[in-house]
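>>> Provide a 3D model corresponding to the input given below.
(2 chains)
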Protein chains: 2
Amino acid sequence: MSELYYATSRDAERAFYEAFQRADLQQMMAVWCDEDPVICIHPMGPRLDGRAAVSQSWRQIFAGGSPMRFSLTEVSCTLDERLAVHCVYENIDHGPQLGQRSQVLATNVYKSTGRGWRMLLHHASPAVVMQTQAEEPHSTLH
Amino acid sequence: MSELYYATSRDAERAFYEAFQRADLQQMMAVWCDEDPVICIHPMGPRLDGRAAVSQSWRQIFAGGSPMRFSLTEVSCTLDERLAVHCVYENIDHGPQLGQRSQVLATNVYKSTGRGWRMLLHHASPAVVMQTQAEEPHSTLH
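You can find the predicted model right below:
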């Protein structure tokens, strides 16, 4: 199935967010690696290890039925022949009539496999605005 | 300075958490790559791009003076010759007499450089307990 071959990590990333936007579980799981252990951390969620847990989480998210539209900004990529690390801002329009906007910070790791580039890790957390130097950068945790 | 050469990504990771525990800014910044763009995201903090912003954040954290002791669990590593991705639980004893325990999820990315393995990215977010299937995995964000 040629449409499931991602020639670059950017192609895999595009497919990931398309699947997310469409709530397409089959396409979403086609983006994830099926040879190596995968890890997914949704914003403020637990660490999910393995395809079964990751698939279950997307099934729950997509069952929520809330439409989402993504645009990515400040994409920073580091890659070699076999691994790619993308750090992105996810700008998400969601809620009724897509009237709310939220921002999420995501680190996405992809691996080049015999079946194209696939996602190994998605670590997402809420984005916050930059603090001034006079403010504490955090509360009790680092 | 041989002590600043990290032969593996695990060596660099060890040095990172030692510097963190000791509040040693010089050692901390020696772990970070100085050739490529670096990114640091502290728990619930903004994305910090570049050595200057990253260094400033550690200076602020270390100035807080709160002792911290780290142990890492469930370390998951993927690496090739030039890039390594570690996903870890940071178990942190902190507060007066190290009487509080917190858990942070971190994705740490390292690169093999001419001067050994160095940190490229640290993405940390608060760890939460695993939810049951009956619960929603999140609120409004994915």
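>>> tell me the contacts of the residue sitting nearest the centre point of chain A?
For chain A, the residue lying nearest the average C-alpha position, counting by Cα atoms, centre = their mean, turns out to be A:His122 (4.7 Å). Counting by Cβ atoms under 8 Å, 6 or more residues apart in numbering or on different chains, A:His122 touches A:16, A:39-41, A:106-109. (Each C-beta comes from the backbone N, C-alpha and C, glycine too.)
>>> go again using 7 Å as the cut-off
Contacts here follow Cβ atoms under 7 Å, 6 or more residues apart in numbering or on different chains; on that basis A:His122 touches A:40-41, A:106, A:108.
>>> so it: helix, strand or coil?
Following DSSP: H, G, I helix; E, B strand; the rest coil, we place A:His122 in the strand state.
>>> just the one 3 residues further on next, same as before
What three-state DSSP gives for A:Ser125 is strand.
>>> pLDDT score assigned to it?
Confidence at A:Ser125, expressed as pLDDT, is 96.
>>> counting neighbours, what do you get for the residue in chain A positioned nearest to chain B?
Chain B sits closest to A:Ser125 of chain A, with a gap of 3.7 Å, by Cβ to the nearest Cβ. Per other Cβ atoms under 10 Å in any protein chain shown, the neighbour tally for A:Ser125 reads 26.
>>> can you check A:Pro37 too?
For A:Pro37, the neighbour count with other Cβ under 10 Å is 14.
>>> I'd assumed A:Leu48 was in contact with it.
No: with contact defined as Cβ atoms under 7 Å, A:Pro37 does not reach A:Leu48; the gap is 11.0 Å.
>>> picking up where we left off before, surely the residue of chain A closest to chain B and A:Leu105 touch.
Yes: using Cβ under 7 Å, A:Ser125 is in contact with A:Leu105, at 5.5 Å.
>>> give the intersection of the neighbour lists for those two.
Listed contacts common to A:Ser125 and A:Leu105 are B:Ile41; contacts here mean Cβ under 7 Å, 6+ apart.
>>> the helix or strand of chain A at the bottom of the mean pLDDT ranking and chain B, are they touching?
Here the helix or strand of chain A ranked lowest by mean pLDDT, DSSP states H and E is strand A:68-79, holding a mean of 92. Yes: for strand A:68-79 and chain B, the contact criterion (Cβ under 7 Å from any Cβ of the partner chain) is met by A:76, A:78.
>>> now that strand: buried residues?
Of the residues in strand A:68-79, those with enough neighbours to count as buried (16 or more other Cβ atoms under 10 Å in any protein chain shown) are A:68, A:70, A:76, A:78-79.
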